[in-house]
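> Just the structure for this:
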Amino acid sequence: MSEDPILERVLTCARAAADKRGSDIVVLDVRKVASFSDYFLIVSGSSDRRVQSIAEAVLQRMKEQGRRPFGVEGVREGRWALLDFGDWVVHVFYEDVRAEFGLEELWFDAPRVPLPEDVLEPPREVAP
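Got it, this is the predicted structure:
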């Protein structure tokens, strides 16, 4: 557990994304390089439907915790979903679109946050 409550919420979003098979999950700490947010969560989905599913899972998990986004864009299209929670922003990209935008390169001076093992390797249900 982190001592930073905002980072804990970001990691909760990352777990929700991982549970829906989000891949290449990255958390950037943008506190020293951006004035509008503390963290970016960047996730890839392998199809437009997967992008939608990941974004919806993140929104649902946050709703369960009483957190609502200030803005949501792109979920219906499934190419790039942006979920703005103010202190953190979740970007869910279709894989090819992520490469086009290159957010990690754009924010190269923002440190990456190490991810817990349950985000990197989420438990998968085992078929009976």
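> mind listing the helices for this protein?
5-19, 48-64, 95-101, 103-106, 117-120 (DSSP state H).
> got the angle between the second one and helix 5-19?
Orientation of helix 48-64 against helix 5-19 (axes from the mean of the first three to the mean of the last three Cα atoms, to 10 degrees) gives an angle of 140 degrees.
> any low-confidence regions in this protein?
Filtered on pLDDT under 70, the chain yields the residue ranges 1-2, 122-128.
> cutoff 50 now
In the prediction, the chain carries no residues with pLDDT under 50.
> mind checking which of the helices of the chain is nearest R31?
When the helices of the chain are compared by Cβ to Cβ, helix 5-19 sits nearest R31, at 9.3 Å. Every C-beta, even on glycine, is put in place using the N, C-alpha and C of the backbone.
> Can I get the helices of the chain in JSON lines including distance to G71?
Rendered in JSON lines, the data for these read as follows (distance: least, Cβ to Cβ, whole Å):
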{"stretch": "helix 5-19", "distance to G71": "15"}
{"stretch": "helix 48-64", "distance to G71": "12"}
{"stretch": "helix 95-101", "distance to G71": "18"}
{"stretch": "helix 103-106", "distance to G71": "17"}
{"stretch": "helix 117-120", "distance to G71": "24"}
